[in-house]
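In: Provided below for reference: sequence and predicted model.
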Amino acid sequence: MPFIDIKSMPATEVCPGCRLRTPHGKNLMLSYLEMDAGAVIPLHDHMHEQAGILLEGKLKLTIGDETRTLDSGAMFFIPANVPHQAIAHDGPAVVLDAFSPIREDYAKLMKDNNFSA
């Protein structure tokens, strides 16, 4: 799967107003996240390293004990096991994240939606 048509992949609603598409290989996962205005990815942490770029909109992002409002084009890095939360601020937002290693829970969601990498 060297080329990806992200809009042809089925989306999974991981929480209200947050739709996810997660193409992945053996060691790296991308996550294309569309958030409705005001949608919240609740505070959580995981063993994966995560980096991302805000493609569209504004995002209020908390990483550890720091919160910033990001504009389109902003990039971020979340170390493993650090609590973080995201809120689509002032309208909808689109985020592209990368995870390493892949998130098996997201890979299972894609498989359950009949998408295989």
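Out: Sure thing, it's come through.

In: and the residue nearest to residue 102 when sequence neighbours are not counted, what are its bridge partners?
Out: Once flanking residues are discounted, residue 102 sits nearest to residue 29: 4.0 Å by C-beta to C-beta, 6 or more residues apart in numbering. All C-beta spots, glycine's among them, are computed from the backbone N, C-alpha and C. Beta bridges link residue 29 to residue 24, residue 99, judged by DSSP bridges.

In: so how many other residues sit close to residue 29?
Out: For residue 29, the neighbour count with other C-beta atoms under 10 Å is 23.

In: Also residue 103?
Out: Neighbour tally, residue 103, other C-beta under 10 Å: 19.

In: what about it, distance to residue 24?
Out: Per C-beta to C-beta, to the nearest Å, residue 103 is found 8 Å from residue 24.

In: Lowest average confidence across helices and strands of this protein, where is it?
Out: Least confident helix or strand of the chain, by mean pLDDT, DSSP states H and E, is helix 104-112 with a mean of 81.

In: Keeping just the C-alphas, turn that one into CSV.
Out: Output of helix 104-112 as CSV, limited to C-alpha atoms (Å, rounded to 0.1, in the frame of the first residue of the first chain):
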residue,chain,number,x,y,z
GLU,A,104,-3.0,-2.3,17.9
ASP,A,105,-6.3,-1.0,19.1
TYR,A,106,-6.6,1.3,16.1
ALA,A,107,-5.4,-1.4,13.7
LYS,A,108,-8.2,-3.7,15.1
LEU,A,109,-10.7,-0.9,14.5
MET,A,110,-9.6,-0.7,10.8
LYS,A,111,-9.8,-4.5,10.4
ASP,A,112,-13.3,-4.5,12.0
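
In: Now do the contacts for the closest residue to residue 39 other than its chain neighbours.
Out: Distances taken as C-beta to C-beta, 6+ apart place residue 17 nearest to residue 39, at 3.2 Å, with adjacent residues excluded. Shown in contact with residue 17 (C-beta atoms under 8 Å, 6 or more residues apart in numbering): 35-40, 88.
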